[in-house]
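J.: Sharing a sequence plus its predicted fold:
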Amino acid sequence: MLLRVNEQQPHQFYETLFEKLYAQCVTMVPRHPFRFRNKLYSLDASTIDLSLSIFPWAKFRKKDGAVKLHVGLDHEGGIPAFVSLTEGRVHEVNEARKLDLPAQSSVVMDRGYLDYSWYKQLTEKGIYFVTRARRNMWYQVTERRSVDKSRGLRADQSIRLIGLKSLTEALPVLRRVTYVDPDTGQRHEFLTNQFALADRADFRWIKQNLKIRCFLGTSKNAVLTQIWVSICILLLLAYLKYLSRVGASMQHILRRLQINLFMRRDLFALLRGDSPDQRPPDTPQLCLV
């Protein structure tokens, strides 16, 4: 039955449902003691591998199939604000260009979104970006600032990109910040058009919990439907968390629901972690006459 519904129900229905769920969630986001002055988003994309022999419409490489999930995370509630599903070959920045980000907001992304012309457009719209700098970036330092090396910082500079494409785009002066992780020793180099470095995005929760082990249907509509339903469930979990005001993480809430899926429990009591009522249900069927 689920297979037939996935094949026949247009996936756009669940895309619209996602937008309505997000609009409802943002009205209930609890205030957090640590908040950015401006709206903060993070962008990421994940490739979902598919077998071409089963999903012939999902052409990616010569012998591989895939669809790509593009996500914009709203840090105010830790929930996805922008989601799109494309063919696996679609580049991340092509979808990022379609986003209508509000002025004075900040967007954090990895090197996969490297596009100097898009960076220039963001700057002109009054939108800040923070990204990982490319390794072979050509630049000229125009100003150096002192850094606290005890916190892992190694450099904080104002730079001007001097590569041919950079000069063609006439990018403004940018900020380059270098950081070394004290635990791993790994070196990170960030590039931004604002002079207050934002935190790095973390999509591990979505990637770990948006697991689809098999698809109920092989058509493009069936695959997109199942992915959209999974994302809607994520927003429903966030809505339950906000409504119940419990301190448990969404991952913990998800596990509680999975364990008690076939048990009759008071939902808010379950989310709070209250012990279940062990008394048998009060029903006449259990009474002997």
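T.: That came in fine, so what should we check first?
J.: Would you map the helices across the stretch 1-150 of the chain?
T.: All helices of the stretch 1-150 of the chain, identified by DSSP state H, counting those that start in this stretch, fall at 2-8, 12-26, 92-96, 116-124.
J.: Which of these sits closest to Leu237?
T.: helix 12-26 (10.0 Å; Cβ to Cβ). C-beta: built from backbone N, CA, C; applies to glycine.
J.: contacting residues around the closest one?
T.: If you take Cβ atoms under 8 Å, 6 or more residues apart in numbering as the criterion, helix 12-26 is touched by 74, 76-77, 79-81, 83, 225, 228-229, 231-232, 235-236, 238-239, 242.
J.: Narrow these to those in strands?
T.: If you go by DSSP state E, these have 74, 79-81, 83 in strands.
J.: which sections of the stretch 1-150 of the chain are below the confidence cut-off?
T.: The model of the stretch 1-150 of the chain has pLDDT under 70 over residues 1-6, 30-37.
J.: Make JSON lines out of the helices of the stretch 1-150 of the chain and add mean neighbour count and distance to Asp156.
T.: Listed next are the helices of the stretch 1-150 of the chain as JSON lines, based on neighbours: other Cβ atoms under 10 Å; distance: least, Cβ to Cβ, whole Å:
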{"stretch": "helix 2-8", "mean neighbour count": "13", "distance to Asp156": "51"}
{"stretch": "helix 12-26", "mean neighbour count": "16", "distance to Asp156": "34"}
{"stretch": "helix 92-96", "mean neighbour count": "18", "distance to Asp156": "26"}
{"stretch": "helix 116-124", "mean neighbour count": "16", "distance to Asp156": "19"}
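J.: looking at those, which is closest to Leu267?
T.: The closest of the helices of the stretch 1-150 of the chain to Leu267 is helix 12-26. By Cβ to Cβ, the value is 17.2 Å.
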